[in-house]
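J.: Give me the fold of what follows.
(2 chains)
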Amino acid sequence: MRVEVQQIPWTAAHEKLLTAFVGESLPDVAQIGNTWLPEFQTLGALEDLGPRVARSSVIAAKSYFPGIWDTNLVEGVLCGVPWYVDTRVLFYRKDLLKAAGVDAPPRTWAEWRDALRRLRARAGPGRWAILLPTDEWAQPVILGLQNGASLLTADGGDAAFRSPAFREAATFYVDLFREGFAPPVANTQISNLYQQFAAGDFAMYITGPWNLGEFRRRLPASLKDSWATAPLPSAAGGVPGVHGVPGVSLAGGSSLVLFRTSKRSEDAWKLIEFLSEPAQQVRFYALAGDLPARRDAWLDPILSGDAEARAFEAQLENVAAAPRIPEWEQIAQKIAEHLEPAIRGVVTVDTALLALDKDVSGLLTKRRWVLARKAAHAR
Amino acid sequence: MRVETRRGTPAEVRAALFFLAPGLFVIVVFFFLPIAASFLLSATDFDLYALADPSNARVTGVSNYRALLSDPVFLTALKNTLVFVLLGSPLTVLVALSAALLVNARLARAKGFFRTTFFAPVVTTLVAVAVVFRYVYHPRFGLLNRGLTLIGLPAVDWLGDPRFSLLAIVLLAIWKNFGFSTILFVAGLQGIPESLYEAARLDGAGRWQQFRRITLPLLAPTMLLVGLTRTIDYFQLFAEPYVMTSGGPLNSTLTMSLLMYKEGFRFWNMGRGAAIAFVLFAVILVATVIQFRVQKGGET
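T.: Numbering: from 1, shown residues only, chains lettered A, B, ... in the order given. Next up, the predicted model:
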């Protein structure tokens, strides 16, 4: 089977695929960021893969991390197969934690705060316990999810950032800055992350798998054994589950989809099955460093023997999807935008959340109308 | 000069229409119809949901326009665009005129070489230029910061710092585009009869007086043309910020064209995107009329 591959830079892929949809020139198969799935599903561009998976001998839900599989279900329809995964874990300096009297990475918010307090006390002026870039929405969203917040109302028709669960998480997040644990800086103000991590400007950092390779390449050789990764702490601790250890992280990554317009969908599905084989997943990891979405691929020594990667494996057992609606990307930007003044102490958390709710509710006006219309039709 | 106007005979009109028809047809189909369509689009809330099912589109009248005026992101884009125009347009004219005077000077050697050099950026692919300029602007290894530190100034994160990113894009845009204006100026300069300068020299005029009294006034039509086209170009600035910063950091390099593209093709708020396009059109129209009046007035 001959496959024609078209490479598109990640930043241009979303626009290119949407334009291709309008121009009726979609490919047969594509790699799609799993946050884009709701959009393409709304457009009716994706084939329901449920029946094909039911017949498949290669792909089955139970082979995948459940939180990741779940991101591919939009309103109950399986519209993609996870290809590689992306989530965030804690990167930390073992030596600095030890020096501050913290023996193990924190498992709960309480332990986390305690560790941060000790780290802060030992760090000199101009140094911090943790880096949480203020322009990233992932951190406050993760904390919200850990605390059981839903972010939006159940049908995704309105904002729910003033819910007690999100309010508590946002307060926890903002306090990390107000108590001086984290510097109130955005990514644009960090000139060299790796240099600063090596210099001990901060001891903890929440980031994704792409930084595994970067940390290995860019940190000086002398620090080779001084850093590690750990799954995220959880809000309350206790049994694994939504509130358990490890705490929830975001289910990100990329899926393989089959477009409805495909004229060779049988062959296209074969390609998806081939790419989903554990051996191919491992090969893809070895070539590109993207983490496999299948649990069985993680049994390969290339991954099971990698201590830093294994924190991701543990984390992937407890990941949750961001709200699966087409407007999510715009909403996510607003979260970081509105929390920043609260971090800087210009407004209170409550004022920030009120403004956030109002803004996001405005973004969802059209969605509410469409939902109401759909409901009226159903009646 | 007065142009005689005369109505043609019916046969002449028919013949004229016959010859004009193919051209007019193309212009109407590919120019006026899309404009009319996007104007109608700007009065709807056509978006992703409408793309899935056209009956999800609603006629919303001027509410897209009203929403824009209270949208801080749009106002930022408007402000940035105006800064780009006010900074980029005069600077481009200045650089282009200086370059034109240099390559047109009688004493200059290797004119062909310099003309080619000045014009080369205009025909270079912007994406390739962007790759090179990202190196030039690199906070640690960049050529520009190397120069700054050599003369004792602190290094600047050109593209990452919201205070400098706009300036960095303006500098790139000027470098990329001044060559075209230079060619126009050179053509304008060569249209000035040498005899005028000879007469001025006989009357004892210095170089500055020659420039002030002969070159500048006779270059006024070219100046108007270059000024207007540059202004319109900078109002529509898109590719430079798109490939260099895609509008960031913190929307500091977001232009109206870029915002229009993002609203339209990233979030698929086509109605809103179309409204931005018409606001941009209105702004350019007003600015062009003002500039035309001012420069025409200065000419007499």
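J.: what separates stretch B:161-168 from the chain centre, distance-wise?
T.: Chain-centre distance of stretch B:161-168: 19 Å, with C-alpha atoms, centre = their mean, to the nearest Å.
J.: scratch that, stretch A:58-74 is what I was asking about
T.: Going by C-alpha atoms, centre = their mean, where stretch A:58-74 is centred and where its chain is centred differ by 15 Å.
J.: do that stretch and chain B meet?
T.: No: applying C-beta under 8 Å from any C-beta of the partner chain, one finds stretch A:58-74 separated from chain B by no less than 12.9 Å. Quick note: C-beta positions are derived from backbone N, CA and C, even for glycine.
J.: start to end distance for that stretch?
T.: Start-to-end span of stretch A:58-74 (C-alpha to C-alpha, to the nearest Å) is 22 Å.
J.: and the stretch 251-379 of chain A, which residues reach chain B?
T.: A:326, A:329, A:330, A:366, A:367, A:369, A:370, A:373.
J.: which of these lies closest to residue A:195?
T.: Nearest to residue A:195 among these, counting by C-beta to C-beta, is residue A:329 at 30.9 Å.
J.: quick one on the thing from earlier: from the residues of the stretch 251-379 of chain A next to chain B, which land in helices?
T.: The members of these that map onto helices under DSSP state H are A:329, A:330, A:366, A:367, A:369, A:370, A:373.
J.: Count the neighbours of the closest residue to residue B:43 other than its chain neighbours for me.
T.: Spatial nearest neighbour of residue B:43, chain neighbours left out: residue B:61 (5.7 Å); criterion: C-beta to C-beta, 6 or more residues apart in numbering or on different chains. Neighbourhood size, residue B:61 [other C-beta atoms under 10 Å in any protein chain shown]: 11.
J.: and residue B:61, how far is that from chain A?
T.: Distance from residue B:61 to chain A, counting by C-beta to the nearest C-beta, to the nearest Å: 15 Å.
J.: if we can go back for a sec, between the residues of the stretch 251-379 of chain A next to chain B, which is nearest residue A:120?
T.: Comparing these against residue A:120 with C-beta to C-beta places residue A:329 closest, at 34.0 Å.
J.: Spatially, and excluding backbone neighbours, which residue is closest to that closest one.
T.: Distances taken as C-beta to C-beta, 6+ apart put residue A:35 closest to residue A:329, at 6.5 Å, once the chain neighbours are dropped.
J.: So residue 118: helix, strand or coil?
T.: Using chain A here. Following DSSP: H, G, I helix; E, B strand; the rest coil, residue A:118 is assigned to helix.
J.: try chain B instead
T.: helix.
J.: Same check on residue B:176?
T.: At residue B:176 the chain is in helix, as set by three-state DSSP.
J.: tally of neighbours for it?
T.: Residues lying near residue B:176 (other C-beta under 10 Å) number 19.
J.: Name all residues that make contact with the nearest residue to it once chain neighbours are set aside.
T.: Computed as C-beta to C-beta, 6+ apart, the closest residue to residue B:176 that is not its neighbour in sequence is residue B:121, at 4.9 Å. By C-beta atoms under 8 Å, 6 or more residues apart in numbering or on different chains, residue B:121 lies in contact with B:129, B:175, B:176, B:177, B:178, B:179.
J.: Distance of the second one relative to chain A?
T.: Applying C-beta to the nearest C-beta, one obtains 24 Å for the distance of residue B:175 from chain A.
J.: which one is that residue nearest to, not counting chain neighbours?
T.: Nearest residue to residue B:175, sequence neighbours excluded (C-beta to C-beta, 6+ apart): residue B:121, at 5.8 Å.
J.: Quick one: the strands in chain A, in order.
T.: Assigned strands in chain A, in chain order: A:29-33, A:73-74, A:77-78, A:81-86, A:89-93, A:130-131, A:204-207, A:227-230, A:249-250, A:252-258, A:291-292, A:319-320 (criterion: DSSP state E).
J.: List of residues touching the longest one?
T.: I take that to be strand A:252-258. Strand A:252-258 has contacts (C-beta under 8 Å, 6+ apart) with A:28-35, A:37, A:40, A:46-47, A:49, A:52, A:68, A:71-72, A:79-88, A:208, A:265, A:268-269, A:272, A:275-276, A:290-291, A:293.
J.: count of residues packed around residue 52?
T.: Just so you know, I chose chain A. Residues near residue A:52, counting by other C-beta under 10 Å, number 18.
J.: right idea, wrong chain: chain B
T.: Using other C-beta under 10 Å, residue B:52 is surrounded by 19 other residues.
J.: can you list the weak-confidence ranges in chain A?
T.: Applying pLDDT under 70 to chain A flags residues A:188, A:191, A:237-244.
J.: Of all the residues in the stretch 201-300 of chain B, which one is nearest chain A?
T.: residue B:249 (3.8 Å; C-beta to the nearest C-beta).
J.: my guess is that residue contacts residue B:163, does it?
T.: No: with contacts counted by C-beta atoms under 8 Å, residue B:249 stays clear of residue B:163, the gap being 9.8 Å.
J.: of those two, who's got more company?
T.: Neighbours were tallied for residue B:249 and for residue B:163 using other C-beta under 10 Å; the higher tally belongs to residue B:249 (20 against 10).
J.: Can you check what pLDDT the model gives residue B:163?
T.: pLDDT for residue B:163: 85.
J.: Also the one 10 residues further on?
T.: As summarised for this prediction, residue B:173 has a pLDDT of 93.
J.: one step back: tell me the SS of the residue of the stretch 201-300 of chain B closest to chain A?
T.: Secondary structure, three-state DSSP: residue B:249 is coil.
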